[in-house]
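Asker: kindly generate the corresponding structure for this input.
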Amino acid sequence: MPDLDSSFFAHPPVDVAPKLLGLTISHAGVTLRITEVEAYHGAVDPGSHGFKRRTDRNSALFGPPGTCYVYINYGIHRALNLVCGADGESAGCLVRSGEIIDGLDRARERRMASAREGAPIPKDAHLARGPGNLAKALAIEPILGGTPVVGPDAQVVVRRPDGHVAPEYLTGPRVGVSGPGGEGESFPWRFWIPGEPSVSAYRAAVTRVRKR
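Answerer: The predicted model follows:
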């Protein structure tokens with residue numbers, strides 16, 4: 001099969017997301033197979049970072065298809081998104097989970113480096129389970145925002161592996177998205193490979209009440 005190029009990503013994220021399942025991502029000595037993703041679609045999606053307007057913080061999400069958008073969640077966890085759609089559209093796919101197929105030792109070291117003292121070593125299948133853990137395994141940082149994931153200049157590299165067969169998948173509501181964007185009936189935009197132990201558990205959004 002030919003290598004991927006930016007045209008693979010130049011479609012609505014709900015179309016790109018299921019096609020990402022089973023592809024590989026490589027960076028900093030670790031390669032994983034994508035097992036879970038979520039689609040986010042800009043101005044029509046209240047769950048998207050690009051729903052309201054473009055800012056310095058989310059500008060990479062408005063970039064050309066086939067590039068990275070990296071954000072920091074709760075001031076701690078990095079999250080890797082692959083920009084989709086047309087340039088300037090603010091559409092992307094959050095890579096939620098993956099199965100590490102190369103670089104297990106590196107991924108384990110990165111996970112344990114930030115773990116609390118005495119924390120158990122996670123199972124191999126859980127090292128890239130959830131977007132924060134996946135980004136940690138791949139050593140993803142915000143500086144990668146805007147860089148391509150295909151072509152000769154890619155640092156984070158997305159590939160279609162040899163002999164790739166598109167896997168069966170399930171869909172459902174996105175994890176931890178509050179408000180209208182979290183409604184599974186309107187936005188069943190989480191896609192995952194069934195039976196994969198690396199896939200994260202579903203959690204509804206938690207309503208947070210601010211103290212006065």
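Asker: tell me which helix or strand in the chain has the weakest average pLDDT.
Answerer: Of all helical and strand segments in the chain, the minimum by mean pLDDT, DSSP states H and E falls on strand 68-73, at a mean of 93.
Asker: got phi/psi on residue 42?
Answerer: Note on residue 42: its backbone torsions stand at phi 40, psi -130 [degrees, to the nearest 10].
Asker: equivalent analysis for residue 104, please.
Answerer: Dihedral angles for residue 104 - degrees, to the nearest 10 - are phi -60, psi -40.
Asker: any low-confidence regions in the chain?
Answerer: 1-2, 46-47, 50-52, 178, 180-184, 205-212 (pLDDT under 70).
Asker: if I look at residue 119, how far off is residue 111?
Answerer: Noted for residue 119: a distance of 9 Å to residue 111, by Cβ to Cβ, to the nearest Å. Where you see a C-beta, it was placed from the backbone N, CA and C, and this is true even at glycine.
Asker: so for those two, which sits in the more crowded spot?
Answerer: residue 111 (18 against 10; other Cβ atoms under 10 Å).
Asker: ok, that one - contacts?
Answerer: Counting by Cβ atoms under 8 Å, 6 or more residues apart in numbering, residue 111 touches 122, 127, 133, 136-137.
Asker: mind telling me what element it is part of?
Answerer: helix 104-113 (DSSP states H and E).
Asker: tell me which residues of that helix come out buried.
Answerer: Within helix 104-113, the residues that count as buried by 16 or more other Cβ atoms under 10 Å are 106-108, 110-111.
Asker: pairing partners for the following helix or strand past the least confident helix or strand of the chain, with directions?
Answerer: Using DSSP H and E, the helix or strand that follows strand 68-73 in sequence is strand 77-84. Taking DSSP bridges as the criterion, strand 77-84 forms sheet pairs with strand 68-73 (antiparallel), strand 91-102 (antiparallel).
Asker: packed most tightly, which of those would that be?
Answerer: Scoring these by mean neighbour count under mean count of other Cβ atoms under 10 Å gives strand 91-102 as the most buried, with a mean of 25.
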